[in-house]
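>>> Compute the structure for the input listed below.
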Amino acid sequence: MRIDHIGVIVDDLSEAREFVARVLQLDIVSSVERDNLRSDFFACGETSIEMIEVTDPAERETRLGLGCVARIEHIAVEVDDLDQALVSLEALGVRATGPARQTETYRTFWTVPAPSDGVMYQFLERQRGDAEITP
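Sure, this is the predicted structure:
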């Protein structure tokens, strides 16, 4: 198990990108665009920082919070066996937000924050041979 990335919701991805590149001097390793979000992953040692801009106004307010410009949303943990991780967490009272989701490169689920001491965790299992950071 290892921390794969830290997900940060931001109000403006361009501004976040500029800060992280100029001040922290981190390089973008991948970018993702989905239905209602855009994100950039920045390499930071063996982990990455994901800056996420939610484009739908209602979803943005829910995920970012009213009046916020940025907040850490989740910590992503890479595991070898996603199904076993879910069983182990459920035995400890931790719940997932829904069933595991499958993409071309990984399987993943997120935890409900309340039983996880207020923190949302993303658990992911990469398909063998995939090293690229693209959750």
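
>>> Against Ile75, how distant is Val87?
20 Å (C-beta to C-beta, to the nearest Å). C-betas here are computed from N, CA, C, even on glycine.

>>> for Arg95, that is, sorry about that
Remark: distance between Arg95 and Ile75 (C-beta to C-beta) = 16 Å.

>>> More neighbours: which of those two?
Just comparing Arg95 and Ile75: by other C-beta atoms under 10 Å the higher neighbour count belongs to Ile75, 18 against 15.

>>> pLDDT weak spots in the chain?
129-135 (pLDDT under 70).

>>> now the strands for it?
2-10, 28-34, 37-44, 47-54, 70-78, 101-102, 106-110, 120-126 (DSSP state E).

>>> just checking, what packs against the second one?
Pointing back at strand 28-34 there. strand 37-44 (3 or more C-beta pairs under 8 Å, 6 or more residues apart in numbering; DSSP states H and E).

>>> What strands line up against the strand it packs on, and which way round?
Strand pairing for strand 37-44, determined by DSSP bridges: strand 28-34 (antiparallel), strand 47-54 (antiparallel).

>>> Can you get me a residue count around Ser88?
The burial count for Ser88: 12, using other C-beta under 10 Å.

>>> cool, and Glu18?
Number of residues near Glu18 (other C-beta under 10 Å) recorded here: 11.

>>> Next: Tyr121.
20.

>>> hang on, it packs against Ala76?
Yes. With contacts counted by C-beta atoms under 8 Å, Tyr121 reaches Ala76, the gap being 7.4 Å.

>>> residues in contact with stretch 9-21?
8, 26-28, 38-40, 42, 49, 51-54, 60, 63-64, 68-71, 73 (C-beta atoms under 8 Å, 6 or more residues apart in numbering).

>>> Need the buried ones from these selected in PyMOL.
To isolate the buried ones among the contacts of stretch 9-21 in PyMOL, judged by 16 or more other C-beta atoms under 10 Å, type:
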select buried, resi 8+26+39+40+42+49+51+52+53+54+60+63+64+70+73
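
>>> so what's Ala76 up against?
Going by C-beta under 8 Å, 6+ apart, the list of residues near Ala76 reads Ile3, Asp4, His5, Ile6, Gly7, Glu50, Tyr121, Gln122, Phe123, Leu124, Pro135.

>>> Alright, that wraps it up for me.
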